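Engineer: No sequence on hand, only this structure:
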């Protein structure tokens, strides 16, 4: 399953890349892509559970504490 989510609070492309790297390390995620210009995160996973969503948000906030993701 492939899903796209809008985000806010990520201030630079370098931070977006770091967040992408962290999200790709989350167990259960096949691939993740963060598009800073479009302010979208594309996640590909078999099932995007509430636990995975929580891990994605934690990864984003590890880099940018004000990050918000519209799940």
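Structural biologist: Looks like it came in fine. Since the model is a prediction, treat every value here as computed from it, not as a measurement.

Engineer: my read: residue 17 touches residue 34, true?
Structural biologist: Yes. Here residue 17 reaches residue 34: they are 7.1 Å apart, a contact under C-beta atoms under 8 Å. (Each C-beta comes from the backbone N, C-alpha and C, glycine too.)

Engineer: Please say which of these two ends up with more neighbours.
Structural biologist: residue 34 (24 against 13; other C-beta atoms under 10 Å).

Engineer: Could you report the distance from the more buried one to residue 60?
Structural biologist: 9 Å (C-beta to C-beta, to the nearest Å).

Engineer: any residues in contact with both of the two?
Structural biologist: 7, 10, 19, 23 (C-beta atoms under 8 Å, 6 or more residues apart in numbering).

Engineer: Find the residue closest to the first one in space, skipping its chain neighbours.
Structural biologist: Leaving out its chain neighbours, the residue that sits closest to residue 7 by C-beta to C-beta, 6 or more residues apart in numbering is residue 69, at 4.8 Å.

Engineer: got the contact list for the one you found?
Structural biologist: 5-7, 41, 53, 56-57, 60.

Engineer: likewise residue 30?
Structural biologist: When contacts are counted by C-beta under 8 Å, 6+ apart, residue 30 touches 44-46.

Engineer: part of a strand, is residue 44?
Structural biologist: Yes. Under DSSP: H, G, I helix; E, B strand; the rest coil, residue 44 falls within a strand.

Engineer: Redo the shared contacts of residue 34 and residue 60 as JSON lines? Include neighbour count, distance to residue 29 and pLDDT.
Structural biologist: Below are those laid out as JSON lines (neighbours: other C-beta atoms under 10 Å; distance: C-beta to C-beta, whole Å; pLDDT from 0 to 100):
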{"residue": "7", "neighbour count": "22", "distance to residue 29": "16", "pLDDT": "97"}
{"residue": "10", "neighbour count": "21", "distance to residue 29": "18", "pLDDT": "94"}
{"residue": "19", "neighbour count": "25", "distance to residue 29": "12", "pLDDT": "98"}
{"residue": "23", "neighbour count": "22", "distance to residue 29": "6", "pLDDT": "98"}
